[in-house]
Each structure stands twice: as structure tokens, then as C-alpha cells.
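K.L.:
sequence-free structure coming up:
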């Protein structure tokens, strides 16, 4: 056994690294299995531990240290622990073995808990005999870890070291540069200060060590995910500075010096550090430096050019004031210095900028503690303002500055009052807390009301804003509607502001409206209902009101009613406006209702309210406009916004089924008693004009299966196929049928098939008129859309039929063009119908599915016809063109991922479609697809740049449509920006010369795009 142990020891101490690892593992295994005891190891190491060769001594010591560190559960008795403690304490004097000794002491103290006073002796030996510079980063950290452990476990032993501990600790943290050790030291220091009483004797030394690290300029390695960040180091360093108020005498002058640095980053970091540490130091420690702090921030605010630095300085003044609020005497002294100087500058400074800065400083101090400050600054400000008013010489700028300051002080006071309220925990004290500005309320109110009639427009605007803020100021925050101003004053303000809504000046109107809205949010709805809303409505309904004033008051009403509690009570006023307005003003009212609905976010309660009060009034209003005015242009202007409003309402109400049934009674049965007088005066032709409205309502139905209402379905089918009605009306009927079929079950597929077969017969018939064919085709397309969107298999079947019709109806050019455009209709996502909000059934990935099944057939038909066509075959060329349009319309409505999967097939078709100058719609679709391809896969177009650039230049100069010319220029611009210099440079002269004529295009947007494109081609990179 002895020979084996000696062999292992020699193997570890030797120079063979592999043998060293194996030997160490064998020794650890034997020791942990108790085959060898620790004293056996020490005995066999004896010659090495006393050897004159420092390398052998250090390796022998390392072996013993490895055993202690790697076997944390090694069982050692008290005598063995004491022996090892004495050994390591003595071995600290052996300089070459310093690192091995530190490792051994770390393992011994961490895992084997030496008894007192061994811990103290070991640490003292490290402090006295080992210099930190002789240790590596890892071993220096071991010493810090030992100190951290002893602070937790053996604090009393450390305290017995008294000043010696602080001297040793300072020695080990002084001059540390490794961030891993630094952050550990920074975290350890606050504990040392908290637990070791003798730290106060070494404050100067500790601060000198810490100060050299501020500001932290460490940049971690980007490749190391576990690296220490600059923010971690900065935060830990700040915690060190803030760990004791004793640092204040050193830190505050030091950080003020850093705030005066020329570097903006250093200034900002120093300001934040000052606030953080002052929060920890407390008012008493800060008191000797309050003048220096104020002087520093004042200088920066008055002289610095960087707005970020100025704003941070103002914020710092606010926070310092909050910190000093813990001691009212110190706070009073600090505020006395600030208030005196700021008031002096406001009264005497010839530089308006300095006065403005002083105003902003006072805003910060009042925001922090208005209760203490207002009494010092308001009386002199009131006196100064009165003096300015008595001076004969006009001093309008000074007066404006003071009123602006009053406005800021009112805002700051309310903020401070709310802050004070939140900080009070005692509910009784909260209930008795009164707004500090109450003492000066009367003087404020009289002064501001007087300014409402001032000749200066700016002064009146400031006065309006002051009144609004004063109105909104709370007397007691414990009560909901507790205002500083009495009721009669608040009523006067509301009446005055309402009167200003018709002011000829836009700025005054805007200020008055914003102030009214601000008040509306705070005030009980009762006040607004009694004084504001009736007055505004009365002005709107005045027979002598001018159009522009009507618009002002109507916009004001909308703004106020966007506040939901007020809308719930006053919606009857809107109903009255609808019922009593002239036709000319209807459009404005509809726009305002639309704005109100847009702010409601489709809340069911609001929509129910609008349904009960506005829904039927809007329908009546539209019907009356037909009856009383034959101006179709005006009716058409009213129709679209009315449809949008009614769709928004009916799609979100709770009793939708009742609303739909009554709408059917009005428009289909024409039996509703309330509407009978109006309906009876309408001819069938007039009544047909409002069918789009009825259809818009039906499209939002999600609570009833309307497909079972045969009368309704027949009515819709009849009107959708009527050649006497215009396209807008018939297509609205088609949309309704599509929406209804989308929601019905697949069990009704037989009925759908019957209807679609009848439509197909009409479309293919040679006896029916072209108009009848077109109407039938429209209905066929929209039913197909409804089926495709819900995932009904019939949708794909009818999609294939549409593909076949392109060639079958080739003699009917209008029909085939309609069919080729139908694929855009089928896949396009409409905002008004067949969407989730309207309750339609939306099948996931329906666009991808339709494309996957229809695109191959279109492509095959296109290729077949292309290969068989001859140059003289005009009919075939038309069919080919329609196939191209169909494919293009498919491509522009499918997701990018699907498009890229078919890139090899799609690209040649897109490039070929660019030659269709005589077909603007095909060209537009192709250009949009090309633009997307260029954005996603620019490399796919590199081999085609020569022909592509030539074609795009031709389109940009000769295409009849402005949008196509712009698109071509955008693509040329994208080529310059996306493709590499080597790829684009050969075409630079061709493009820059080719674009010359576009610079004189008769459309401004084309000229603008051409200029941008040509510039980018000139400066290719």
C-alpha cells in the first residue's frame, strides 16, 4: 500500500500531465474510500514539502489542497483540522507556494469548518504573508470568497481582527482589474461596511479605491453569453458608494466634478449616480453640499446646449427635493436658495431664455413638494404680475411668461398633491388632506377669468388652459367629484368655453375644445349635460348658423361624446340632430357618428345604445333624402357612410336577430308601421336605390340562417339578375347571397348546385342578352367566393368551371375579361363582408388551397394554348391574355411563402406579362408580383436584368396608367438598391438616360418617383 501511494504521489509531482491527472484521481478515490487517511498523505509528502526546490514544494502543497477542495465530504477529526490549519498558516510564509496555499485554505474553511481561532489565524496569515499580486485571478477570488463565507459564519472571529481585517481586505480589493473579481468585491464591500465596526477608520482609503472605477468603461466580449455586463458593474459600484452616509463627504464633491465633465455620457451617468446615492445617504448627509448641488444643476440648465442633459438636470432637482423632504428644515433651506434665485431672474432677467429655465426649475420643485413652496413663490408672483399690468410700457412677453408659469404651477401642484396623497398610509389623514393651492384659489380664479378678454390671442389661449387645469384640480382626492372651484365658478367656465367653440380663430377653438374634453373626463356628466351639450346642440340647430360654424360645433360635440359616460346619457341629442338636420348637413353628421363609433372599439354596450337610438333614424334619414331630393350625387355621398355605420352597429349588438328581422320587414315586406309613411311615397325605382343598404345589413347577420327564408332568397336573386338595376345594386345583392350561402350548412349543396347550374346555362346561352349574362356571371362568381372562403368543396368545383369558361366563351370578350378578373374577387379579403367580424365562416388557408388546386389547371391551359397558337390567331392571343390575367390575379392574393414555392413556374409568366402595355390591369398585377419577388428573392431576377430593365423603362415612359408608371419606377429603384454593384453598373447609363423623359411627366407623383430612382442609379454602390 505504501509503495502504491508513493507511486501515485510521484506521478502527480512529476512532469507528465496525463500521469498527473491519473495519479490525482487514484489518490482521491483511495482517500474517499478511506484506504488512505489524510495524515498518510502528509507523511508521504514530507520530503516534498520540505524540499529546497520550490516547484516540488508547491506541487506537494497543491496535492494536499486538491484533496481538501475536491473531497468536500471528507471526514476529518478536530485534531486533523487543527493540524491542517496550523500547517497552512505556517505555509503562507512560503512565497512560491502562495497559490496552492490559498486553494488549500479555501477548501479547508469552506468544507471542513475549522474551530475558533483557526479561521482567524488562517485569514491573518493570508493578509500578512501573501500579496495579492502573487495570485492569479481565480486565487484572488478564492480569498474574497473565504471572506464572504466568514462574514456569514464566523463574524465574531473577524471582528476580533479589528483594524487588521480592514487593512487586509483593502489590500485584496485595491487595484483589482478583472471584472469577475471586481463585481464580487463590489458586492462584498457593502456587507463588510455593514458588519465590521472598524470600517469608519478606513473610509478615505475605501473611497479612493472605489472612485478610480467611476465611470465604468468595461466592454464585455460579445461572444460570451455569460459575461459580466457594464450595467452589472455600474450597479454594484453604486451600491458600494451608497453603502454608508460616511461616503457622502467624499462622493458628493467627486460626483459633482464628474457632472461637470465635458462628456455627455459621463454627465448623465453622474447625475443618476448622485440621485441614487443621495437617496441612501439621506438629507443630513447631503446638507453641507446643497448649495454646490444647486449651483451645478443651475449652471447646466442655464448654459448647456444638449436638451437631454438639461432635462436630466431638471429631473435631478425634482428628485433631490423629494429626498430632502424627509427633513423639512433642510428642505426649506434648499428651496429657499432655489426660489430666491429663480424669482429674481424671472423678475429682472433681460434674457427670456433664462426666465423660461427658471420657470421650469420651479415646476420641478413645486412638483416635488408644493405644500412647502407655494407660500414662498405665489405671493411675490401675484404682486409682480399686478405691477406689470400697471406699467404703461407694454410688457406683453413678461406677462405671458408669468401666466405660463402660473399654468405650470397649477399642474405641478396637482401632481405633488396626488403624490402626497399616495404616500399617506393613514386613511383618516388622507380624508383630511386638502389641496395646498386652495389658499390662493380666489386670486388665481379672478386673475385668469380677467385674462379671457385680453386682446392678446396667446394670452387668451393660456388663460383657457389655466382655467381648465384649475377646474380639474381636486380639493380632496378621497372623493370622486371633489373640485377646488365651487359649482357656480365651474358652470361659468363651461359656459365660457362652449361660447369659444364658435370663435373665428382656430387656435382658440381648439384650446377651448380640448379644455372642455379635459373637464368632461374629470367632471360629473350632470354639469356637461346641463350646460355644454344643450348649448352646443342649440347652436348646431340654429337656422342662422353658417356652414363653417356648424362644422365647428358638430366636431366639438363628437369630441365630447367620445367620452363614454357622457355618450350614454346624451345620445338622444345625436338622434335629434339626425331627425332635424338638413340634407346638406347629413354628411357631416354621418362623419361625426362614424368617429364616435371608431373610438368605441365595437363595445357591445355602446353599439346597443346606438342601435336603440340611432339605427332606425339613420335609415329614415336616408329614405327621406331619396324622397325629398333627386340629386343622386348627394344620395350616393350619404349611402356609403350610412352603410358603414349600420354595419358597425348591427355586427356588435346583442339582439341582432331582432334587428335583422325588422330590417327584413322594412326592406322586403315594407310593412313596418314606423316606416310606412316614408315607404309608401317611394316608387320601386327609388326604393331600389337603398338595396345596397339592406344588403350591407344582411351581410353582417351571424345569428340567423337566412337561407331558409325563401322569399328573401328569391328577392335577392331576382334583383341580382335584374338588367334594369345598375351594377352597384345588383352586386350588393350578389354579396348578400354570397354571405348567406357562406354560413349555411353543406346539406344545402343541392340547392346551390341547382342555382349555379341555372346561372351557368344563362352564361353559356346564345339567346340571352349580354347584360343578363354579365349579371348571372357576377352572381356565379360571388357564390363561388362564399363557398371557397368557408372551405366548401363546391367552391373548387366552380373555380374549375370558371377556368373552362375562359376558352369556351372566347367569342364573348367582355365575359372572358370578367372571368379573368374574378380570381381577384374570389381571393381578395374584403373588409365589409365574409370576414370574422361579420360572423362568416373563414376556412384556414383557403387562399392557399384554392391556388394549389386552380393554378396548375390555369398554367396547363396557358401552356397548351401558347404552344399551339400562331401569330395570326387573334382569338387565341386573347384567350392567352385572359389566362395571364387570371394567373396574375391569383398570384397577387396568395401569401409570399406559396408564391416563392412556385417561383420557377411563376417568373417566366410574370416577365411575359410585362409586355402587355395594352392591358393595364394585367400589367398592374404583374408589376405588383414582380416588386414582391424582387424584395424576397432578388437573385432570381439577376439573369433577366437586361430584358427586364429595358421593359421597365418602356413602361415608365409609355404606360397610359400613372400607377403603372410609378410601379415600374419603384421596381427600377429597388433594383438599384437591392442588386450588387457588379450586377447593376452595366445598365447605369441606359437607366439614367432612359429616365430623362419621365422627369417631365405630367403627373407629379411620377416625376417624384423618377427623380428618386434616377438619383439612386447615379450613385450606385
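P.N.:
All right, it came through fine. Only a predicted model underlies this, so the values are computations on that prediction, with no experimental measurement involved.

K.L.:
What segments of the stretch 801-950 of the chain are helices?
P.N.:
Remark: helices assigned in the stretch 801-950 of the chain by DSSP state H, counting those that start in this stretch are 813-827, 846-868, 874-891, 896-901, 903-913, 920-936, 945-958.

K.L.:
buried residues in the first one?
P.N.:
Think helix 813-827. Burial within helix 813-827, assessed by neighbour count using 16 or more other Cβ atoms under 10 Å, is assigned to 815-827. C-betas here are computed from N, CA, C, even on glycine.

K.L.:
ok, residue 592 - contacts?
P.N.:
Residue 592 is in contact with 554, 555, 557, 558, counting by Cβ atoms under 8 Å, 6 or more residues apart in numbering.

K.L.:
Which positions within stretch 375-387 qualify as buried?
P.N.:
376, 377, 378, 381, 382, 385.

K.L.:
Likewise for stretch 565-572?
P.N.:
566, 567, 570, 571.

K.L.:
Please name the nearest non-neighbouring residue to residue 454.
P.N.:
residue 460 (5.6 Å; Cβ to Cβ, 6 or more residues apart in numbering).

K.L.:
Which of the three states applies to the one you found?
P.N.:
helix (DSSP: H, G, I helix; E, B strand; the rest coil).

K.L.:
burial of it, as a residue count?
P.N.:
Residues contacting residue 460 under the criterion other Cβ atoms under 10 Å number 21.

K.L.:
Where does pLDDT dip in the protein?
P.N.:
1-2, 222-226, 350-351, 391-395, 583-584, 627-633, 746-747, 831, 868-875, 877 (pLDDT under 70).

K.L.:
Which parts of it belong to which domain?
P.N.:
Structurally, the chain divides into domains by the TED database as follows: 486-562, 570-704, 897-1019.

K.L.:
Of those domains, which is nearest residue 30?
P.N.:
Residue 30 sits nearest to domain 897-1019 of all the domains of the chain, at 64.1 Å, using Cβ to Cβ.

K.L.:
separation between residue 511 and residue 403?
P.N.:
As judged by Cβ to Cβ, to the nearest Å, residue 511 and residue 403 stand 13 Å apart.

K.L.:
Kindly report the same for residue 185.
P.N.:
56 Å.

K.L.:
Between these two, which is the more surrounded one?
P.N.:
Legend: neighbour count by other Cβ under 10 Å for residue 185 and residue 403, higher for residue 185 (26 against 23).

K.L.:
who touches the more buried one in this structure?
P.N.:
By Cβ under 8 Å, 6+ apart, the neighbours of residue 185 are 144, 173, 176.

K.L.:
right, and the helix or strand after the helix or strand where it lies?
P.N.:
If you go by DSSP states H and E, residue 185 is part of helix 179-195. With elements assigned by DSSP H and E, the helix or strand that comes after helix 179-195 is helix 203-211.

K.L.:
by contact count, what packs against that next one?
P.N.:
helix 163-173, helix 179-195, helix 230-241, helix 248-259 (3 or more Cβ pairs under 8 Å, 6 or more residues apart in numbering; DSSP states H and E).

K.L.:
Enumerate every residue touching the residue nearest to residue 454.
P.N.:
Contacts for residue 460 (Cβ under 8 Å, 6+ apart) come out as 451, 452, 453, 454, 508.

K.L.:
Kindly report the same for residue 233.
P.N.:
Residue 233 neighbours (Cβ under 8 Å, 6+ apart): 179, 182, 183, 186, 213, 216, 218.

K.L.:
dump the residue contacts of the first one.
P.N.:
In this case it means residue 179. Here residue 179 is in contact with 218, 220, 228, 233 (criterion: Cβ under 8 Å, 6+ apart).

K.L.:
and it, how far is that from residue 138?
P.N.:
Taking Cβ to Cβ as the measure, residue 179 and residue 138 are separated by 14 Å.

K.L.:
And for the fourth one?
P.N.:
When distances are taken as Cβ to Cβ, residue 186 and residue 138 turn out to be 18 Å apart.

K.L.:
Look at the two and report which has more neighbours.
P.N.:
residue 186 (24 against 13).

K.L.:
wait, that one sits on residue 232?
P.N.:
No - at 9.1 Å, residue 186 and residue 232 do not qualify as touching, with contact defined as Cβ atoms under 8 Å.

K.L.:
Overlap of the contact sets of those two?
P.N.:
Common neighbours of residue 186 and residue 232 (Cβ under 8 Å, 6+ apart) do not exist.

K.L.:
follow-up on the earlier one: of all the helices and strands packed on helix 203-211, which one is nearest residue 888?
P.N.:
Across those, closest to residue 888 is helix 230-241 (Cβ to Cβ), at 53.6 Å.

K.L.:
Quick one: distance of that closest one to the chain centre.
P.N.:
Centroid separation for helix 230-241 versus its chain: 30 Å, with Cα atoms, centre = their mean, to the nearest Å.

K.L.:
That helix versus helix 163-173: what angle between them?
P.N.:
160 degrees (axes from the mean of the first three to the mean of the last three Cα atoms, to 10 degrees).

K.L.:
Which of the contacts of residue 460 are buried? Put it as a ChimeraX command.
P.N.:
In ChimeraX, a selection of the buried entries from those looks like this (16+ other Cβ under 10 Å):
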select :451,452,454,508
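
K.L.:
quick check, nearest of the contacts of residue 460 to residue 907?
P.N.:
residue 508 (60.7 Å).

K.L.:
Select the longest helix from this structure.
P.N.:
helix 396-423 (DSSP state H).

K.L.:
Which parts of it count as buried, going by neighbours?
P.N.:
For helix 396-423, using 16+ other Cβ under 10 Å, the buried residues are 398-417, 420-421.

K.L.:
go on, stretch 18-31?
P.N.:
Per 16+ other Cβ under 10 Å, stretch 18-31 contains these buried residues: 20, 23, 24, 26, 27, 28, 30, 31.

K.L.:
Keep only those of those that are in helices.
P.N.:
Using DSSP H, the buried residues of stretch 18-31 in helices are 20, 23, 24, 26, 27, 28, 30, 31.

K.L.:
sec struct for the nearest residue to residue 343 once chain neighbours are set aside, please.
P.N.:
With sequence-adjacent residues excluded and distances taken as Cβ to Cβ, 6+ apart, residue 343 is closest to residue 380, at 5.8 Å. Taken by three-state DSSP, the conformation at residue 380 corresponds to helix.

K.L.:
Now do residue 380 against residue 387, distance only.
P.N.:
From residue 380 to residue 387 the distance is 10 Å (Cβ to Cβ).

K.L.:
And residue 455, by the same measure?
P.N.:
For residue 455 relative to residue 387 (Cβ to Cβ), the value is 20 Å.
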